[in-house]
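> Following is a predicted model, sequence given first.
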Amino acid sequence: MLAAVRPALSDSDIRTVDDIADRMDFAPRHRWLLRQWLQALGAHGSVEGDVDSGYRFVRAVRSPIRPDLVQVCADLGYSRPLATFLQASDDHLTELATDTMRLQELLFPDGDMTTAEAAYRDNLSSRYLNLAAGRAVADLVDGLRGDRSPVRVLELGAGIGGTTDDVTAALSGLPVEYHFTDVSTFFLEAAKARFADYPWMRYGLVDMNADLAKQPRYDIVIAANVLHNAFDIGVTLRQLHDLLNPGGAVVIIETCHAHCEQLTSVHFLMSPGQDQPHAGLTDVRAGTDRIFLTEREWREQLVAAGLHPELVLPEGDHPVALLDQRVFIGVRGRGE
Ligand SMILES: C[S@@+](CC[C@H](N)C(=O)[O-])C[C@H]1O[C@@H](n2cnc3c(N)ncnc32)[C@H](O)[C@@H]1O
């Protein structure tokens, strides 16, 4: 980030974020990300200032030797395709920022999903979270099957099916009906082939920002790495509460802090499309450039929506907790 921004920074003068963005030719749709970069660089002591008044350069990062990112990723339990993707995003940061390259070209090269699978499935944190989500869904189904059979499961933003893989494996032999959905048809065809062995799996388009109020009732809703796309997370959680049968639950996977590796890669996917207006967020993120809620905010939002957060994993002292991703299980009371 610093290498990309450095030519637009002055050592002496404070420059406004707009001035820095203009000097870098930063695409207007991605400028929210520049503000996030500058805040992150400020937290690392490389720049001084704030979003309102502007920034100036202070010093380069401590180590003059660039660590080998692939090795660092290997130490963190990230797979090689994910490391290669993060390195490629870094190498093309200026092109990404100036919109001469789209992140999708790096994440889905020629429509291939291997890199995306590495990002959302084949790394230490995702493996932990997906297995935990699978176990939680199976336990919930087991607890509900006496009242309802089959137990109806809706997955939102299922995408490449990283979480679906572990959930379906855990559901083997249990009485379920599973609705695999996404906002994009791109993922549905691949999912039909991938989950062809499960006769209880159905597929469909659902946009959680538009379609939730017209969904039928379900017993369990799974939303892995997707709820941060809601225009208003509080409204969406309330709608999920309303479409759950009493005693039903949401199983949510979310990142609770944007690490630098996300700010220079997958966060580019969160910008509006070219020539589209920025969707004004109306929840706790309004007026900030944040995409993610903190763990505490998620707990508060779940409670406010009537979804009691019964289990949040990993717990704070678990080594995987350092990567700031969590599984939240929020339950709608049986008496409602
Ligand atoms: C980061 S990916 C996560 C994919 C998958 N759940 C996983 O964790 O492996 C986000 C997914 O959410 C979908 N998505 C984005 N906006 C959405 C919306 N408004 N409604 C439903 N799905 C959405 C995207 O198409 C994408 O598949």
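Now that the structure is in, tell me what you want to look at. Numbers count the residues shown, from 1 in each chain.

> Centroid-nearest residue for this structure?
residue 225 (3.7 Å; C-alpha atoms, centre = their mean).

> Quick check: phi and psi on it?
Backbone torsions of residue 225, given as degrees, to the nearest 10, read phi 60, psi 40.

> what's near enough to touch the closest residue to residue 236 other than its chain neighbours?
Spatially, and ignoring its direct neighbours in sequence, residue 236 is nearest to residue 230 (4.0 Å; C-beta to C-beta, 6 or more residues apart in numbering). C-beta: built from backbone N, CA, C; applies to glycine. Residues counted as contacts of residue 230 (C-beta atoms under 8 Å, 6 or more residues apart in numbering) are 208, 209, 236, 283.

> Could you tell me which of these are located in strands?
Among those, no member falls in strands (DSSP state E).

> Which two among the residues you listed are spaced furthest apart?
Largest separation among the contacts of residue 230 by C-beta to C-beta: 208 and 283, giving 13.5 Å.

> So for these two, which residue has more residues nearby?
Shown here are residue 208 and residue 283; by other C-beta atoms under 10 Å, residue 208 has more neighbours (22 against 16).

> State the pLDDT value of the residue nearest to that one when sequence neighbours are not counted.
Using C-beta to C-beta, 6+ apart and skipping residues adjacent in sequence, the residue nearest residue 208 is residue 156, 5.2 Å away. Looking at residue 156, its pLDDT stands at 98.

> Bridged to residue 156, which residues?
residue 223 (DSSP bridges).

> Could you verify my assumption that it touches residue 228?
No - using C-beta atoms under 8 Å, residue 156 is not in contact with residue 228; the gap is 12.0 Å.

> Those two - which one has more neighbours?
Neighbour count, other C-beta under 10 Å: between residue 156 and residue 228, residue 156 has more, with 28 against 19.

> Near the ligand, which residues of the stretch 1-150 of the chain are found?
residue 120 (C-beta under 6 Å from any ligand atom).

> so what's the residue in the stretch 1-150 of the chain positioned nearest to the ligand up against?
Proximity of the stretch 1-150 of the chain to the ligand (C-beta to the nearest ligand atom) peaks at residue 120, 3.5 Å away. Contacts for residue 120 (C-beta under 8 Å, 6+ apart) come out as 126, 159, 160, 162, 163, 224, 225.

> run the last query once more with 6 Å
Each residue near residue 120 by C-beta atoms under 6 Å, 6 or more residues apart in numbering is listed here: 126, 160, 162.

> ditto for residue 170
Shown in contact with residue 170 (C-beta under 6 Å, 6+ apart): 134, 135, 138.

> In terms of pLDDT, where does the first one sit?
The reference is to residue 134. Reading off the model, residue 134 has pLDDT 98.

> Residue 231 now?
pLDDT, read off for residue 231, is 93.

> Break this structure down into its structural domains.
Using automatic domain parsing, the domain parsing of the chain gives 2-57, 69-120, 124-257+292-332.

> a strand runs through residue 49, doesn't it?
Yes - under DSSP: H, G, I helix; E, B strand; the rest coil, residue 49 falls within a strand.

> Show the model's pLDDT score for it.
The score at residue 49 is 97. That number is its pLDDT.

> Over to the one 5 residues further on?
Listed pLDDT for residue 54 reads 98.

> contacting residues around it?
14, 15, 16.

> pLDDT below threshold where in the stretch 151-300 of the chain?
275-279 (pLDDT under 70).

> the strands in it, which residues?
With strands called from DSSP state E, counting those that start in this stretch, the stretch 151-300 of the chain shows them at 151-156, 176-182, 201-205, 218-224, 244-255.

> circling back to that earlier point, so can I have CSV of the domains of the chain showing distance to residue 263?
Output for the domains of the chain, formatted as CSV (distance: least, C-beta to C-beta, whole Å):
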stretch, distance to residue 263
domain 2-57, 5
domain 69-120, 10
domain 124-257+292-332, 11
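
> Ok, which of the ones you listed comes nearest residue 264?
Short answer: domain 69-120, nearest of the domains of the chain by C-beta to C-beta, at 5.4 Å.

> so how far does that closest one reach from one end to the other?
Start to finish, the residues bounding domain 69-120 are 18 Å apart (C-alpha to C-alpha, to the nearest Å).

> How far away from the center of its chain is it?
In terms of C-alpha atoms, centre = their mean, to the nearest Å, the centre of domain 69-120 is found 15 Å from the chain centre.

> do stretch 35-48 as well
Distance, centroid of stretch 35-48 to centroid of chain: 22 Å (C-alpha atoms, centre = their mean).

> Just the buried residues of stretch 265-284, please?
265, 266, 267, 268, 270, 271, 281, 283, 284 (16 or more other C-beta atoms under 10 Å).

> what do you get for stretch 158-174?
158-168, 170-171, 174.

> what's around residue 244, how many residues?
So residue 244, with other C-beta under 10 Å, has 24 neighbours.

> again, but for the one 3 residues further on
Residues within reach of residue 247, counting by other C-beta under 10 Å, total 17.

> Residue 309 - how many residues pack around it?
Counted with other C-beta under 10 Å, residue 309 comes out at 18.
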